[in-house]
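Novice: predicted model follows, preceded by the sequence.
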Amino acid sequence: MTTVGERASDLRIRKAADELLAQAAATGVRPSVLALARHFGLSNTTFRRHYPEIAREIAQARTAPTDSPPGSGQPSAFDRLVARNAKLKRTNRLLADQLKLAAAHLQRLAVENDRLRELADDCAGVTRIDSHRT
């Protein structure tokens, strides 16, 4: 059974969580369960164990894409991160394709080099000694 003190504590934590979510929505900063837990002197695990629904709300607000602050006209940090990630993926794909192409060229050049050595040896009359013969 919860006591009056525990009920007041629950209400204070709920109010602080609502304020944190409102502040995050206004500023575009992602809310943190850990910050709220530390504010009340609790560990992250203890807070999540005792207040799972509040932790879930904050986690959902943290993972949801946020709009930039009103009137800023600039993309949010999340949008910049998504764009940067997409650019890195494109660059990575391009570099991987170029690496495959370079490896294929090296293989072709190695085969061509071997043929040219054999041709040069034949023209010069060089006889190779087979090292595997006994």
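Specialist: It's in. Quantities reported herein were computed from a predicted structural model and do not represent experimental measurements.

Novice: low-confidence stretches in this protein?
Specialist: Residues of the chain that meet the criterion pLDDT under 70 lie in 1-8, 65-73, 131-134.

Novice: where is the longest helix in it?
Specialist: For the chain, the helix with the greatest residue count under DSSP state H is helix 77-124.

Novice: gap between it and the chain center?
Specialist: Its chain's C-alpha centre and that of helix 77-124 lie 26 Å apart, by Cα atoms, centre = their mean, to the nearest Å.

Novice: any idea how the protein splits into domains?
Specialist: Per automatic domain parsing, the domain ranges recorded for the chain read 1-66, 74-134.

Novice: please identify the most buried of those.
Specialist: Stretch with highest mean neighbour count among the domains of the chain: domain 1-66 (a mean of 14; mean count of other Cβ atoms under 10 Å). For the C-beta atoms, the positions are set from N, CA and C on the backbone; glycine is no exception.

Novice: let me see the contact set for residue 51.
Specialist: Applying Cβ atoms under 8 Å, 6 or more residues apart in numbering, we find residue 51 in contact with 10, 13, 17.

Novice: phi first, then psi, for the residue lying closest to residue 24 once chain neighbours are set aside.
Specialist: Using Cβ to Cβ, 6 or more residues apart in numbering and skipping residues adjacent in sequence, the residue nearest residue 24 is residue 31, 4.1 Å away. When read as degrees, to the nearest 10, the backbone of residue 31 gives phi -70, psi 160.
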